[in-house]
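# from the sequence below, what's the structure:
(one chain, ligands or ions: 2)
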Amino acid sequence: MAPKALPRRFFKLLPEPCMHPLVNIAVGAARRAGELIVRNLDRAGGVTVSEKSRNDFVTEIDRAAEQLVIETIHKAYPDHGILAEESGRHGGDEYVWIIDPLDGTTNFLHGFPQFAVSIACQHRGRVEAGVIFDPLRSELFTASRGAGAQLENRRLRVSAQRAIEGSLIGTGFPYRANMRWLKPYLAMLEQVMQRAAGVRRPGSAALDLAYVAAGRLDGFWELGLAPWDTAAGNLMITEAGGRIGTLAGNPYLDGGNLIAGNPRIFTELVESFAPFLSDDLRE
Ligand code: 2AM
Ligand code: CA
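Ligands and ions are numbered 1, 2, ... in the order given. Here you go, the predicted model:
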């Protein structure tokens, strides 16, 4: 005999919403990695060591956190493939987990408290689940396709801000190879600085995208991001009613230059940046 359906109010009493199994696994993996990262924070920030040994140490933490995430995923799904910042692409291709074990490494290295673990699961090329975990605030942002985005038990919604005037916009400054775009980037920054209430450069792109989904930032842009920075945030923003795209406003696939925001801010940013786009910045 089929069990009687439980009344709706019963589900409201559950401590966690009934999560998609892929989200569940990603949450477990992100929490384990986050714990390891926080445990090692004191050793990273403030300790006076040479730049090289500092970098080696952080690489070691990145790798160890990534291994924990992969182990957790493979325990549940041994056949699933992986695309991860440290270990690259390996395994099956029907399901692929896209992992940034420590997004905001420079912050972590300096003890600046803004970094995250980002995990997404793609099925046949489409992201179905995403988790971004801030281990210091213990904030867990989740999303699964068609079922919305959440911060703990609260449904996420992008902001209702109607124009760049008065908005709070996040960004990431170009570094290394992306410095070739410094000039057009500064022109974009100038546009935004002249109109927004504030501009922030927190340093963890994945967490910035979660903040757009949560309405804490009205918009965000950055050049030259990687798939592991953006896969979870992309789904999260879409599920929270926002938009994410290339600088030309086209659909955002897997890494590259990005604009995100609530639908109005997204459109306004795309329009404002159009005069500064050389061909190589468009896609
Ligand atoms: P990472 O910490 O995983 O490398 C912010 O601009 C984004 O760019 C972050 O998500 C960060 O991801 C990445 N990034 C890589 N190298 C960087 C650098 N030298 N300075 C700032 N951000 C960097
Ligand atoms: Ca990253």
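
# tell me how far the spatially closest residue to L223 that is not a sequence neighbour lies from ligand 2.
Leaving aside its sequence neighbours, L223 sits nearest to N257 (C-beta to C-beta, 6 or more residues apart in numbering; 4.7 Å). (Glycine included, C-beta is placed from N, CA and C.) In this view, N257 and ligand 2 are 15 Å apart by C-beta to the ion, to the nearest Å.

# SS state for N257?
Applying DSSP: H, G, I helix; E, B strand; the rest coil to N257 yields a three-state assignment of strand.

# wait, isn't it in contact with L281?
Yes - counting by C-beta atoms under 8 Å, N257 does reach L281; the two are 6.1 Å apart.

# is it true that F115 touches D103?
Yes - the criterion here is C-beta under 8 Å, and F115 meets it with D103 at 6.2 Å.

# those two - which one has more neighbours?
D103 (29 against 26; other C-beta atoms under 10 Å).

# and the residue of the stretch 51-200 of the chain closest to ligand 2?
Closest residue of the stretch 51-200 of the chain to ligand 2, C-beta to the ion: D103 (3.8 Å).

# show me what from the stretch 101-250 of the chain comes close to ligand 2.
Where the stretch 101-250 of the chain comes near ligand 2, counting by C-beta under 5 Å from the ion, the residues are 103, 229.

# one more pass at 6 Å, please.
Along the stretch 101-250 of the chain, the residues adjacent to ligand 2 under the rule C-beta under 6 Å from the ion are 103, 228-229.

# so which of those residues are also by ligand 1?
Contacts with ligand 1 are made by 103, 229 out of those, judged by C-beta under 6 Å from any ligand atom.

# so the host helix or strand of Q67, near ligand 1 or not?
Using DSSP states H and E, Q67 maps to helix 51-76. No - using C-beta under 6 Å from any ligand atom, helix 51-76 stays clear of ligand 1, with a minimum separation of 7.8 Å.
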